[in-house]
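# Got a predicted model here, sequence first, then my questions.
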Amino acid sequence: MKLLLANKTDCRFFKFWFDGRVCSGISYQGEMFLQFHGFSLHRREQAYDLGSRLLEQGIPVLIACSKKQYILGINLRSEWWKIGEEEKQRFLSEIQELETTFGKLLETS
């Protein structure tokens, strides 16, 4: 399994209803992805790191690149929905910690 990279202009963006809420999605090369998280351009390494860790869990991902950000998407056909809520929250907590740390580093430089 490989990390998919795409130009944002090659993707189609849409909204869908899932688990009682409206979610944002990405369509690319016949596959559909949940927009999991967006990263600013200077956080490219974080986007690739999280994408790689999700791949290690067997979850196919896409990173859509634009001039302003990297959008990480999780394949809707994946086993993501079978991962426990604690594991999902751990990934989200790690993202928040990385963003906080990175923000502090930018403030001091």
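Happy to help now that I have it. Keep in mind the model is a prediction, meaning the values are calculated, not measured.

# from here on, contacts and neighbour counts on C-alpha atoms
Will do.

# Give me the sheet partners of the helix or strand hosting Ser27 and which way each runs.
In the assignment (DSSP states H and E), Ser27 maps to strand 21-28. Strands that pair with strand 21-28, judged by DSSP bridges, come out as strand 12-18 (antiparallel), strand 31-40 (antiparallel).

# Pro60 is nearest to which of those?
Pro60 sits nearest to strand 31-40 of all the strands paired with strand 21-28, at 9.1 Å, using Cα to Cα.

# what about the closest one, distance to the chain center?
From the chain centre to the centre of strand 31-40 is a distance of 4 Å (Cα atoms, centre = their mean, to the nearest Å).

# average pLDDT for that strand?
Taken as a whole, strand 31-40 has a mean pLDDT of 91.

# what bits of this structure have low per-residue confidence?
Applying pLDDT under 70 to the chain flags the ranges 79-109.

# Spell out the secondary structure type for Gly51.
Secondary structure for Gly51, judged by DSSP: H, G, I helix; E, B strand; the rest coil, is helix.

# wait, isn't it in contact with Val61?
Yes: proximity of Gly51 to Val61 meets the contact threshold set by Cα atoms under 8 Å, at 6.2 Å.

# who has more neighbours, these two?
Neighbour count, other Cα atoms under 10 Å: between Gly51 and Val61, Val61 has more, with 26 against 23.
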